[in-house]
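>>> Provided below are the primary sequence and the corresponding predicted coordinates.
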Amino acid sequence: MASQDNDQDVRVAFAVIIAIVVLLVGSVVGIGIQRAGAPKAAPAAAASPAAAGTVVMEDASVVVENGVVKFYFATGQADLAPGAVDALAEAIAAAQAGSALAISGFHDATGSLEANEELAKRRAQAVRDVLAAAGVKPESLQLSKPEVTTGTGNNAEARRVEVSIVR
């Protein structure tokens with residue numbers, strides 16, 4: 001009988017050791033996957049973006065709101081979001097019919113003021129270039145000096161260029 005008790009004790013010990021090894025391997029693999037680039041959750045908006053008109057994403061995007069086309073940019077970038085020409089369709093048609101378009105560049109308040117102003121200028125010029133490529137005459141475009149956004153907005157919302165139709 002003593003040998004049967006030893007066999008059972010050995011089995012329990014092996015089961016515990018195997019469980020510990022499985023737990024450790026699973027933890028190491030899980031940590032590795034997390035560090036390798038598990039998708040980051042987007043920050044939650046205080047209100048619905050459509051209702052409040054706020055943008056909290058870090059990627060480039062474009063939104064048409066009350067006839068104003070708003071291009072949002074990733075930090076330090078001047079690349080336009082896909083769909084830029086589609087979003088500008090109404091503005092392009094208005095410019096081709098004789099209206100002027102105002103292009104206003106904005107930047108956030110973080111970092112160097114000079115660098116932010118230059119980046120806002122490059123962003124506005126990127127939007128201008130898309131409009132010119134779509135057939136809008138240069139004399140129909142009015143570029144505004146970059147402005148610092150103040151108020152309750154966030155930095156992602158501040159990094160934008162707005163295009164509006166001047167009637």
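Thanks, I have it. In this text the structure is predicted, and so the values were computed from the model without any measurement.
>>> okay, now the domains of the chain?
1-39, 49-166 (automatic domain parsing).
>>> ok, now which ones touch Ala133?
Listed by Cβ atoms under 8 Å, 6 or more residues apart in numbering, Ala133 has no contact partners. In this view, the C-beta of every residue, glycine as well, is placed from N, C-alpha and C.
>>> now it. Its backbone dihedrals?
Here the main-chain torsion angles of Ala133 (degrees, to the nearest 10) amount to phi -70, psi -20.
>>> next: the one 4 residues further on.
Comment: the main-chain dihedrals of Lys137 come out as phi -70, psi 140, following degrees, to the nearest 10.
>>> quick one, what contacts the residue nearest in space to the middle of the chain?
Computing the C-alpha centroid of the chain and ranking residues by Cα atoms, centre = their mean puts Asp59 first, at 2.0 Å. Asp59 sits next to Ala74, Ala81 when contact means Cβ under 8 Å, 6+ apart.
>>> before we move on, back to that, including mean pLDDT, could the domains of the chain go into JSON lines?
Putting the domains of the chain into JSON lines (pLDDT from 0 to 100) gives the following:
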{"stretch": "domain 1-39", "mean pLDDT": "69"}
{"stretch": "domain 49-166", "mean pLDDT": "83"}
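>>> deepest-packed of those, please.
Mean neighbours per residue, mean count of other Cβ atoms under 10 Å, is largest over these for domain 49-166, with a mean of 16.
>>> run the chain-centre distance for that domain.
14 Å (Cα atoms, centre = their mean, to the nearest Å).
>>> isn't Arg122 right up against Ala78?
Yes. Arg122 lies in contact with Ala78 (Cβ atoms under 8 Å); the separation is 4.3 Å.
>>> mind listing the strands for the chain?
Using DSSP state E, the strands found in the chain span residues 61-65, 68-72, 100-107, 141-148, 160-166.
>>> turn those strands into JSON lines, columns for distance to Val10.
Output for those, formatted as JSON lines (distance: least, Cβ to Cβ, whole Å):
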{"stretch": "strand 61-65", "distance to Val10": "62"}
{"stretch": "strand 68-72", "distance to Val10": "64"}
{"stretch": "strand 100-107", "distance to Val10": "69"}
{"stretch": "strand 141-148", "distance to Val10": "73"}
{"stretch": "strand 160-166", "distance to Val10": "68"}
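>>> tell me the spatial nearest neighbour of Gly76, not counting adjacent residues.
Leu119 (7.0 Å; Cβ to Cβ, 6 or more residues apart in numbering).
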